[in-house]
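Undergrad: sequence unavailable; structure follows:
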């Protein structure tokens, strides 16, 4: 017995027989605990338990317990397998420690996984070369030299393609933008919908524009979605030097303040650049609203500038200024307003034709109207502003009057919005007062129309209150 325990292989066998099960049980418990906590090191621990420990035990059994010659093929094979698994374990542990648990926003979190995979492949190749050189006494120097020359030749042949891939990988690593951001490259403007190694796909609204990564990495571009917070769209407008700057600036702000995409709680601003040039800044929720805001603003500004008599883009010509159009409008409203010759002459002197673009506010709520509008063509929606939206409960069609509370000097209870391109004949309050004083029948009709509008408004308010109570009850 003493002679048995005096042999070195005896202690190796005892150590392996006792130690390996203990280590496996310990690693199993540790792996289960890490798995329950969803710790990234759970994977390497399982790999250590399932593969590295058994392979190491086999190598120790062959090389030390059985004292097999080191140059025996099975010993070398076992050493190679154990060394390879050990390399994978070390790399997996570093990957879990450095990248799997990386804090969001750090360089470890931003680095593309392809970089990690390439680095891992290179380290595995180097580790295997060292392992084969040590275990099998292989000469790997020539192999590395051949691979280096081959890599240079392939790189020169594919430098354009490889350059695009490298540019893409650098963009993925730096992350100057992400999916959903809005970019302006100078020639392309839109939302990023895909980023890969070769190119960035940008949705311009009229199609998908594919921009090579090499183009983006070699030129400057603007990320419109950064930094977080309000985004402002800029609109340039030019009038003539005959248009008073302060009145023009007031008009520009008035039109911008009525945009439905305006960021809540923010106000537009305008700068006068001289030479009848202006720049309007419109705060929005994000770049996605910019194109719609600019298009809507410029269309509304065209109508508003004509109503004020300003020459937008140097052209102040208004087709409604033709006297024949005014005569046609007066003939149209004559039955509605019960006009006689004196009344028609009064309208020729004091009234004017105006047009409103789709969505423009004809008469805001809560404001005493300064004129009465007779609808000639188009349709106006009569609505209440409710919780950031509008509840339409009536409409005004050709022949109807808008702004009747001007006669009672009361604020309008509802907002009137052009549902279509709206043409109206605008009558000053003094003109309507004079018509009513000489036409008692007209006063009765206007009074009845006012009562009807008040009743419709009251019914709309009651319906909104009922809807709110039902919603709260749910």
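TA: Thanks, I have it. Remember, it's a predicted structure, so these values are computed and weren't measured experimentally.

Undergrad: for the stretch 301-450 of the chain, give me the ranges with low pLDDT.
TA: Residues of the stretch 301-450 of the chain meeting the criterion pLDDT under 70: 388.

Undergrad: and the pLDDT for residue 294?
TA: At residue 294, the predicted lDDT confidence score is 91.

Undergrad: roughly how far apart are it and residue 255?
TA: Computed as Cβ to Cβ, to the nearest Å, the residue 294 to residue 255 distance reads 12 Å. Placement of C-beta: from N, CA and C, glycine included.

Undergrad: same thing with residue 190?
TA: 26 Å.

Undergrad: ok, now residue 25?
TA: As judged by Cβ to Cβ, residue 25 and residue 255 stand 77 Å apart.

Undergrad: who's more crowded, the two?
TA: Taking neighbours as other Cβ atoms under 10 Å, residue 25 and residue 255 compare with residue 255 leading, 27 against 11.

Undergrad: could I get the pLDDT score of that one?
TA: Predicted confidence (pLDDT) for residue 255: 93.

Undergrad: please apply the same query to residue 250.
TA: At residue 250, pLDDT is 94.

Undergrad: what secondary structure does it sit in?
TA: Look at residue 250: counting by DSSP: H, G, I helix; E, B strand; the rest coil, its state is helix.

Undergrad: what is the neighbour count of it?
TA: Residue 250 has 13 nearby residues by other Cβ under 10 Å.

Undergrad: the one 10 residues further on now?
TA: Other residues within reach of residue 260, judged by other Cβ under 10 Å, total 13.

Undergrad: which helix or strand contains it?
TA: Applying DSSP states H and E as the criterion places residue 260 outside every helix and strand.

Undergrad: tell me the predicted confidence for it.
TA: Here the pLDDT value assigned to residue 260 is 87.

Undergrad: distance from the longest helix that the chain contains to the middle of the chain?
TA: Longest helix in the chain, counting residues (DSSP state H): helix 440-473. Distance of helix 440-473 from the chain centroid (Cα atoms, centre = their mean, to the nearest Å) equals 40 Å.

Undergrad: grab the nearest non-local neighbour of residue 413.
TA: residue 457 (4.8 Å; Cβ to Cβ, 6 or more residues apart in numbering).

Undergrad: ok, that neighbour touching residue 384?
TA: Yes - contact criterion Cβ atoms under 8 Å: residue 457 and residue 384 qualify, at 7.4 Å.

Undergrad: find residues that contact each of the two.
TA: 393, 413-414 (Cβ atoms under 8 Å, 6 or more residues apart in numbering).

Undergrad: so which of those residues is the most crowded?
TA: Highest neighbour count within the shared contacts of residue 457 and residue 384, by other Cβ under 10 Å: residue 414, with 26 neighbours.

Undergrad: hang on, the earlier thing: TSV for the shared contacts of residue 457 and residue 384, including secondary structure?
TA: Formatted as TSV, these follow (three-state DSSP):
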residue	secondary structure
393	strand
413	coil
414	coil
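
Undergrad: ok, back up a step: burial measure for the residue nearest to residue 413, as a count.
TA: Here the count is done by other Cβ under 10 Å, and residue 457 has 18 residues near it.

Undergrad: please renumber so the chain begins at 535
TA: Done: numbering now begins at 535, and the last item shifts to residue 991.

Undergrad: tell me how far it lies from residue 945.
TA: Residue 991 is 12 Å from residue 945, where distance means Cβ to Cβ.

Undergrad: for residue 773, same thing?
TA: Residue 773 is 32 Å from residue 945, by Cβ to Cβ.

Undergrad: so between these two, which is more surrounded?
TA: Each of residue 773 and residue 945 has its neighbours counted (other Cβ under 10 Å); residue 773 has more, 23 against 13.

Undergrad: report the contact partners of that one.
TA: Per Cβ under 8 Å, 6+ apart, neighbours of residue 773: 782, 810, 812, 839, 844-848.

Undergrad: swap in 6 Å and give it another go.
TA: 782, 810, 844-845 (Cβ atoms under 6 Å, 6 or more residues apart in numbering).

Undergrad: could you do residue 580 as well?
TA: Contacts of residue 580 (Cβ under 6 Å, 6+ apart): residue 565.

Undergrad: that one: what secondary structure?
TA: Applying three-state DSSP: residue 580 is helix.

Undergrad: hang on, residue 950 packs against residue 898?
TA: No - judged on Cβ atoms under 6 Å, residue 950 makes no contact with residue 898 at a distance of 8.2 Å.

Undergrad: tell me the spacing between residue 546 and residue 667.
TA: Look at residue 546 and residue 667: by Cβ to Cβ, they are 27 Å apart.

Undergrad: make that residue 626, sorry
TA: Taking Cβ to Cβ, one finds residue 626 at 23 Å from residue 667.

Undergrad: compare neighbour counts for those two and give me the winner.
TA: Legend: neighbour count by other Cβ under 10 Å for residue 626 and residue 667, higher for residue 626 (20 against 13).

Undergrad: so the more buried one: helix, strand or coil?
TA: At residue 626, secondary structure determined by three-state DSSP is helix.

Undergrad: what do you get for residue 736?
TA: With three-state DSSP as the basis, residue 736 sits in strand.
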